[in-house]
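>>> Need the 3D shape of this:
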Amino acid sequence: MTQLGITLKVSLPYEKALNRAIQVLKEEGFGVLTKIDVQKTMQEKLGAAFRKYTILGMCNPPLAYQALTLKPEIGLLLPCNVVVYEEEDGTVINIFDPLSMFAVMQDSQLEPIAQEAHGRLKRAAEALQTME
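As a prediction, the model looks like this:
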C-alpha cells in the first residue's frame with residue numbers, strides 16, 4: 001500500500017517551518033493556491049482551541065496541466081496538500097505523495113507525471129529535513 005504522504009518532523013518553530021516549507025516547495029516549482037489556517041477556523045466556527053495547523057494547497061502548474069489534460073477528473077485529487085502543524089517539541093510537515101494519486105487513478109499515462117511530482121516533493125522534504 002502506498003503511503004499518503006511524506007512526513008518529517010523538524011525542530012524549527014512553527015512559523016519558520018511553515019515559511020520554509022513554502023519557500024522550498026516554490027524552489028521545486030510549486031506555488032500556494034490555498035492556505036487554510038485550521039487553528040483560526042476552529043476558533044471562529046466552533047469556539048474551540050486548536051494547535052497551530054495550516055493546510056497548504058500546492059500546485060505545480062505544468063504538471064497539473066499535463067494531468068488535467070489527460071484525465072480531467074484528476075482535479076478531484078488536486079492540489080497537492082501540505083500540512084504543517086505544531087507539536088510540543090517541534091513542527092510536523094506532511095506532504096501529500098502524488099504516487100498515492102496514481103494508485104487511485106491507475107492510469108499508466110499519469111505515472112510519469114506522478115513520478116516527476118513525487119521526485120520534486122521528495123527533494124523538497126529532504127531539503128527541509130536538513131534545515132534544523
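>>> any idea how far the helix or strand hosting Lys16 is from the chain center?
Here Lys16 sits within helix 14-27, counting by DSSP states H and E. The chain centroid and the centroid of helix 14-27 are separated by 11 Å, computed with CA atoms, centre = their mean, to the nearest Å.
>>> Same question for it: list its buried residues.
With burial defined by 16 or more other CB atoms under 10 Å, the residues of helix 14-27 counted as buried are Tyr14, Ala17, Leu18, Arg20, Ala21, Ile22, Val24, Leu25. To be clear about C-beta, it is placed using only N, CA and C from the backbone, and glycine gets the same treatment.
>>> so the fifth one makes contact with Leu56?
Yes - applying CB atoms under 8 Å, one finds Ala21 in contact with Leu56, separated by 7.3 Å.
>>> if I look at the two, which residues touch both of them?
Val82, Val84 (CB atoms under 8 Å, 6 or more residues apart in numbering).
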